[in-house]
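> Dropping the sequence and predicted coords here.
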Amino acid sequence: MSPTLSLFLIISAALFSIGLLAALSRRHAIFILIGIELMLAAANLNFIAFWRFGPQPQSPTGVMVAIFSIAIAAAEAAVGLALVIAVYRHYRTTSVDKLDQLKG
Amino acid sequence: MSTAAFTVIAILTLAGALAAASLPKLIHAALCLVIAFVGIAAFFFLLGAEFVGLVQVFVYVGAVAVLIVFTILLTRRADEKTGGFNWGGVVIAIAVFAGLIWAILQTPSLSLPAPLIEALTVKRIGEVLMTDYIWPLQCVGLLLTAALIGGLILVMEEKP
(Lines give C-alpha, C1' and ligand atoms only; values in the text may rest on other atoms or scores of the structure.)
Protein backbone atom coordinates (compact mmCIF):
# COMPACT_ATOMS: atom_id res chain seq x y z
CA MET A 1 0.00 0.00 0.00
CA SER A 2 1.41 3.34 -0.97
CA PRO A 3 0.76 6.56 0.94
CA THR A 4 -2.40 8.42 0.01
CA LEU A 5 -3.12 12.10 -0.31
CA SER A 6 -4.62 12.32 3.17
CA LEU A 7 -1.34 11.11 4.72
CA PHE A 8 0.55 13.89 2.99
CA LEU A 9 -2.08 16.39 4.08
CA ILE A 10 -1.80 15.20 7.69
CA ILE A 11 2.00 15.62 7.61
CA SER A 12 1.55 19.05 6.11
CA ALA A 13 -1.03 20.00 8.75
CA ALA A 14 1.36 18.86 11.48
CA LEU A 15 4.20 20.94 9.98
CA PHE A 16 1.91 23.97 9.74
CA SER A 17 0.85 23.58 13.37
CA ILE A 18 4.47 23.27 14.51
CA GLY A 19 5.29 26.44 12.59
CA LEU A 20 2.32 28.20 14.16
CA LEU A 21 3.49 27.02 17.58
CA ALA A 22 6.95 28.47 16.97
CA ALA A 23 5.57 31.75 15.63
CA LEU A 24 3.07 32.25 18.44
CA SER A 25 4.82 31.00 21.53
CA ARG A 26 8.49 31.95 21.15
CA ARG A 27 9.47 35.45 22.16
CA HIS A 28 12.55 35.72 19.98
CA ALA A 29 12.27 37.34 16.55
CA ILE A 30 14.37 34.71 14.76
CA PHE A 31 12.22 31.91 16.18
CA ILE A 32 9.15 33.65 14.79
CA LEU A 33 10.81 33.78 11.35
CA ILE A 34 11.68 30.07 11.63
CA GLY A 35 8.02 29.34 12.36
CA ILE A 36 6.89 31.34 9.33
CA GLU A 37 9.36 29.45 7.12
CA LEU A 38 7.98 26.14 8.41
CA MET A 39 4.42 27.23 7.64
CA LEU A 40 5.41 28.26 4.10
CA ALA A 41 7.15 24.92 3.55
CA ALA A 42 4.01 23.09 4.71
CA ALA A 43 1.96 25.05 2.17
CA ASN A 44 4.44 24.07 -0.56
CA LEU A 45 4.10 20.42 0.42
CA ASN A 46 0.34 20.78 0.07
CA PHE A 47 0.69 22.29 -3.41
CA ILE A 48 2.90 19.45 -4.61
CA ALA A 49 0.73 16.74 -3.03
CA PHE A 50 -2.47 18.12 -4.59
CA TRP A 51 -0.69 18.42 -7.94
CA ARG A 52 0.51 14.81 -7.82
CA PHE A 53 -2.81 13.31 -6.71
CA GLY A 54 -5.03 15.71 -8.65
CA PRO A 55 -6.91 14.96 -11.86
CA GLN A 56 -4.31 16.54 -14.17
CA PRO A 57 -0.79 15.70 -13.03
CA GLN A 58 0.48 16.12 -16.60
CA SER A 59 0.15 19.89 -16.49
CA PRO A 60 2.94 21.45 -14.40
CA THR A 61 0.72 24.03 -12.66
CA GLY A 62 1.30 22.82 -9.11
CA VAL A 63 5.06 22.66 -9.62
CA MET A 64 5.07 26.22 -10.95
CA VAL A 65 3.12 27.53 -7.96
CA ALA A 66 5.54 25.79 -5.60
CA ILE A 67 8.59 27.24 -7.39
CA PHE A 68 7.22 30.79 -7.26
CA SER A 69 6.24 30.30 -3.65
CA ILE A 70 9.78 29.22 -2.76
CA ALA A 71 11.19 32.31 -4.50
CA ILE A 72 8.83 34.60 -2.59
CA ALA A 73 9.64 32.83 0.69
CA ALA A 74 13.34 33.46 0.07
CA ALA A 75 12.69 37.18 -0.46
CA GLU A 76 10.58 37.26 2.70
CA ALA A 77 13.32 35.58 4.72
CA ALA A 78 15.95 38.03 3.47
CA VAL A 79 13.88 41.12 4.31
CA GLY A 80 12.76 39.66 7.65
CA LEU A 81 16.30 38.90 8.76
CA ALA A 82 17.44 42.36 7.63
CA LEU A 83 14.68 43.79 9.82
CA VAL A 84 15.92 41.72 12.76
CA ILE A 85 19.44 43.09 12.29
CA ALA A 86 18.16 46.66 11.98
CA VAL A 87 16.06 46.29 15.14
CA TYR A 88 19.03 44.79 16.97
CA ARG A 89 21.18 47.78 16.05
CA HIS A 90 18.67 50.23 17.49
CA TYR A 91 17.52 48.44 20.61
CA ARG A 92 20.30 45.90 21.29
CA THR A 93 17.69 43.18 21.68
CA THR A 94 15.83 40.70 19.47
CA SER A 95 13.08 39.84 21.93
CA VAL A 96 9.74 40.97 20.54
CA ASP A 97 8.39 41.58 24.04
CA LYS A 98 10.86 44.41 24.64
CA LEU A 99 9.86 46.27 21.46
CA ASP A 100 6.90 48.04 23.05
CA GLN A 101 7.63 51.66 22.26
CA LEU A 102 4.32 52.14 20.45
CA LYS A 103 2.32 50.64 23.29
CA GLY A 104 -0.25 53.06 24.70
CA MET B 1 6.01 5.59 -3.55
CA SER B 2 6.87 3.19 -0.79
CA THR B 3 5.38 3.33 2.67
CA ALA B 4 8.71 2.67 4.39
CA ALA B 5 10.37 5.68 2.76
CA PHE B 6 7.33 7.81 3.57
CA THR B 7 7.43 6.80 7.24
CA VAL B 8 11.15 7.48 7.62
CA ILE B 9 10.92 10.88 5.93
CA ALA B 10 7.83 11.84 7.90
CA ILE B 11 9.47 11.02 11.23
CA LEU B 12 12.65 12.90 10.23
CA THR B 13 10.77 15.97 9.06
CA LEU B 14 8.41 16.22 12.00
CA ALA B 15 11.19 15.60 14.53
CA GLY B 16 13.34 18.29 12.90
CA ALA B 17 10.46 20.76 12.83
CA LEU B 18 9.50 20.06 16.42
CA ALA B 19 13.10 20.47 17.56
CA ALA B 20 13.38 23.72 15.59
CA ALA B 21 10.27 25.06 17.29
CA SER B 22 11.10 23.99 20.83
CA LEU B 23 14.86 23.89 21.41
CA PRO B 24 16.03 26.64 23.77
CA LYS B 25 19.23 27.50 21.90
CA LEU B 26 18.81 29.40 18.66
CA ILE B 27 21.73 27.85 16.80
CA HIS B 28 20.49 24.33 17.54
CA ALA B 29 17.02 25.29 16.33
CA ALA B 30 18.47 26.64 13.08
CA LEU B 31 20.38 23.40 12.45
CA CYS B 32 17.26 21.32 13.17
CA LEU B 33 15.39 23.54 10.73
CA VAL B 34 17.88 22.36 8.08
CA ILE B 35 16.88 18.75 8.85
CA ALA B 36 13.21 19.62 8.45
CA PHE B 37 13.90 21.35 5.12
CA VAL B 38 15.86 18.36 3.81
CA GLY B 39 12.94 16.14 4.83
CA ILE B 40 10.49 18.31 2.91
CA ALA B 41 12.78 18.15 -0.13
CA ALA B 42 12.73 14.35 0.21
CA PHE B 43 8.93 14.50 0.21
CA PHE B 44 9.09 16.43 -3.06
CA PHE B 45 11.34 13.74 -4.54
CA LEU B 46 8.92 11.07 -3.31
CA LEU B 47 6.03 12.88 -5.00
CA GLY B 48 7.82 13.04 -8.34
CA ALA B 49 8.68 16.75 -8.30
CA GLU B 50 12.46 16.40 -8.50
CA PHE B 51 13.08 19.93 -9.69
CA VAL B 52 11.15 21.47 -6.79
CA GLY B 53 13.06 19.21 -4.40
CA LEU B 54 16.36 20.47 -5.79
CA VAL B 55 15.19 24.09 -5.63
CA GLN B 56 14.11 23.49 -2.03
CA VAL B 57 17.58 22.20 -1.12
CA PHE B 58 19.35 25.06 -2.93
CA VAL B 59 17.16 27.88 -1.67
CA TYR B 60 16.23 26.77 1.84
CA VAL B 61 19.23 24.71 2.95
CA GLY B 62 21.74 26.67 0.90
CA ALA B 63 20.50 30.22 1.34
CA VAL B 64 17.80 30.69 3.95
CA ALA B 65 19.37 28.48 6.63
CA VAL B 66 22.77 30.10 6.14
CA LEU B 67 21.12 33.52 6.33
CA ILE B 68 19.42 32.56 9.60
CA VAL B 69 22.71 31.30 11.07
CA PHE B 70 24.44 34.53 10.02
CA THR B 71 21.75 36.61 11.65
CA ILE B 72 21.98 34.57 14.85
CA LEU B 73 25.73 35.10 14.97
CA LEU B 74 25.39 38.83 14.24
CA THR B 75 22.77 39.44 16.93
CA ARG B 76 24.02 37.11 19.63
CA ARG B 77 24.67 38.40 23.11
CA ALA B 78 25.93 36.27 25.93
CA ASP B 79 23.63 37.70 28.56
CA GLU B 80 20.43 37.57 26.53
CA LYS B 81 17.94 34.84 27.25
CA THR B 82 16.29 33.25 24.24
CA GLY B 83 13.74 31.60 26.50
CA GLY B 84 10.31 32.81 27.31
CA PHE B 85 7.55 30.52 26.22
CA ASN B 86 3.93 31.45 25.78
CA TRP B 87 1.69 28.46 26.47
CA GLY B 88 -1.28 30.13 24.80
CA GLY B 89 0.44 29.48 21.47
CA VAL B 90 0.55 25.75 22.22
CA VAL B 91 -3.21 25.67 22.80
CA ILE B 92 -3.90 27.59 19.58
CA ALA B 93 -1.53 25.36 17.56
CA ILE B 94 -3.15 22.17 18.90
CA ALA B 95 -6.61 23.57 18.14
CA VAL B 96 -5.61 24.44 14.57
CA PHE B 97 -4.05 20.99 14.12
CA ALA B 98 -7.21 19.28 15.40
CA GLY B 99 -9.37 21.35 13.06
CA LEU B 100 -7.21 20.53 10.05
CA ILE B 101 -7.13 16.81 10.89
CA TRP B 102 -10.91 16.81 11.33
CA ALA B 103 -11.36 18.44 7.91
CA ILE B 104 -8.95 15.98 6.26
CA LEU B 105 -10.62 12.93 7.78
CA GLN B 106 -14.07 14.21 6.87
CA THR B 107 -13.23 14.39 3.16
CA PRO B 108 -13.84 11.02 1.51
CA SER B 109 -12.15 11.64 -1.87
CA LEU B 110 -8.63 12.00 -0.43
CA SER B 111 -7.81 8.29 -0.30
CA LEU B 112 -7.51 7.84 -4.07
CA PRO B 113 -4.28 6.28 -5.34
CA ALA B 114 -1.87 8.50 -7.22
CA PRO B 115 -2.30 8.38 -11.00
CA LEU B 116 0.66 7.11 -12.97
CA ILE B 117 2.43 9.87 -14.83
CA GLU B 118 5.56 10.29 -16.87
CA ALA B 119 8.23 12.25 -15.10
CA LEU B 120 8.08 16.03 -15.38
CA THR B 121 11.37 16.96 -17.00
CA VAL B 122 13.35 20.12 -16.36
CA LYS B 123 13.12 20.84 -20.10
CA ARG B 124 9.33 20.96 -19.90
CA ILE B 125 9.46 23.17 -16.79
CA GLY B 126 11.81 25.55 -18.59
CA GLU B 127 9.54 25.67 -21.64
CA VAL B 128 6.47 26.41 -19.55
CA LEU B 129 8.35 29.01 -17.52
CA MET B 130 9.33 30.84 -20.71
CA THR B 131 5.90 30.68 -22.37
CA ASP B 132 2.85 30.40 -20.10
CA TYR B 133 4.45 31.72 -16.93
CA ILE B 134 6.58 34.50 -18.36
CA TRP B 135 4.68 37.29 -16.56
CA PRO B 136 4.82 35.62 -13.13
CA LEU B 137 8.52 35.01 -13.75
CA GLN B 138 9.13 38.69 -14.51
CA CYS B 139 7.14 39.72 -11.46
CA VAL B 140 9.19 37.40 -9.24
CA GLY B 141 12.36 38.87 -10.72
CA LEU B 142 11.13 42.36 -9.87
CA LEU B 143 10.18 41.23 -6.37
CA LEU B 144 13.60 39.69 -5.76
CA THR B 145 15.31 42.88 -6.95
CA ALA B 146 13.10 44.95 -4.65
CA ALA B 147 13.85 42.60 -1.75
CA LEU B 148 17.59 42.85 -2.47
CA ILE B 149 17.51 46.66 -2.48
CA GLY B 150 15.21 46.76 0.55
CA GLY B 151 17.39 44.40 2.55
CA LEU B 152 20.48 46.45 1.73
CA ILE B 153 18.82 49.73 2.72
CA LEU B 154 17.53 48.23 5.98
CA VAL B 155 20.94 47.12 7.17
CA MET B 156 22.93 50.06 5.81
CA GLU B 157 24.93 52.06 8.33
CA GLU B 158 23.07 55.21 9.26
CA LYS B 159 24.92 58.46 8.82
CA PRO B 160 25.01 60.55 11.98
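That came through, no problem.
> who's in contact with the closest residue to residue B:128 other than its chain neighbours?
Distances taken as C-beta to C-beta, 6 or more residues apart in numbering or on different chains put residue A:60 closest to residue B:128, at 5.4 Å, once the chain neighbours are dropped. (Glycine included, C-beta is placed from N, CA and C.) Residues in contact with residue A:60 (C-beta atoms under 8 Å, 6 or more residues apart in numbering or on different chains) are B:120, B:124, B:125, B:128.
> among those residues, who's most crowded?
Neighbours here mean other C-beta atoms under 10 Å in any protein chain shown. Within the contacts of residue A:60, the largest count is held by residue B:120, at 22 neighbours.
> Does residue B:35 touch residue B:16 like I think?
Yes: between residue B:35 and residue B:16 there is a contact under C-beta atoms under 8 Å: 3.4 Å.
> Which of the two has more residues huddled nearby?
More crowded of residue B:35 and residue B:16, by other C-beta under 10 Å: residue B:16, with 23 against 18.
> Show me which positions of the longest helix seen in chain A end up buried.
Longest helix in chain A, counting residues (DSSP state H): helix A:61-91. By 16 or more other C-beta atoms under 10 Å in any protein chain shown, the buried positions in helix A:61-91 come out as A:61-88.
> is any part of that helix close to chain B?
Yes: residues of helix A:61-91 contacting chain B under C-beta under 8 Å from any C-beta of the partner chain: A:62-64, A:66-68, A:70-79, A:81-86, A:88.
> now for that helix, which elements pack on it?
Contact here means 3 or more C-beta pairs under 8 Å, 6 or more residues apart in numbering or on different chains; DSSP states H and E; on that basis helix A:61-91 packs against helix A:29-53, helix B:50-56, helix B:65-74, helix B:122-131, helix B:134-155.
> would CSV of those with distance to residue B:114 and mean pLDDT be doable?
Listed next are these as CSV, based on distance: least, C-beta to C-beta, whole Å; pLDDT from 0 to 100:
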stretch, distance to residue B:114, mean pLDDT
helix A:29-53, 5, 91
helix B:50-56, 15, 91
helix B:65-74, 30, 90
helix B:122-131, 19, 89
helix B:134-155, 27, 93
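> Indicate which one of these is closest to residue B:42.
Closest of the helices and strands packed on helix A:61-91 to residue B:42 is helix B:50-56, at 7.2 Å (criterion: C-beta to C-beta).
> How about stretch A:94-104 and chain B, touching?
Yes: contact of stretch A:94-104 with chain B (C-beta under 8 Å from any C-beta) involves A:94, A:95, A:97.
> Could you point out which of those is nearest to residue B:73?
When the residues of stretch A:94-104 next to chain B are ranked by distance to residue B:73 (C-beta to C-beta), residue A:94 comes first, at 12.3 Å.
> could you say which helix or strand contains the residue nearest the centre of chain B?
Nearest to the centroid of the C-alpha atoms of chain B, with distances taken as C-alpha atoms, centre = their mean, sits residue B:37, at 5.5 Å. Assigned by DSSP states H and E, residue B:37 belongs to helix B:26-46.
> Buried residues, that helix. List them.
B:26, B:29-46.
> With stretch B:85-92 instead?
Neighbour counts over stretch B:85-92 (16+ other C-beta under 10 Å) mark B:89, B:90, B:92 as buried.
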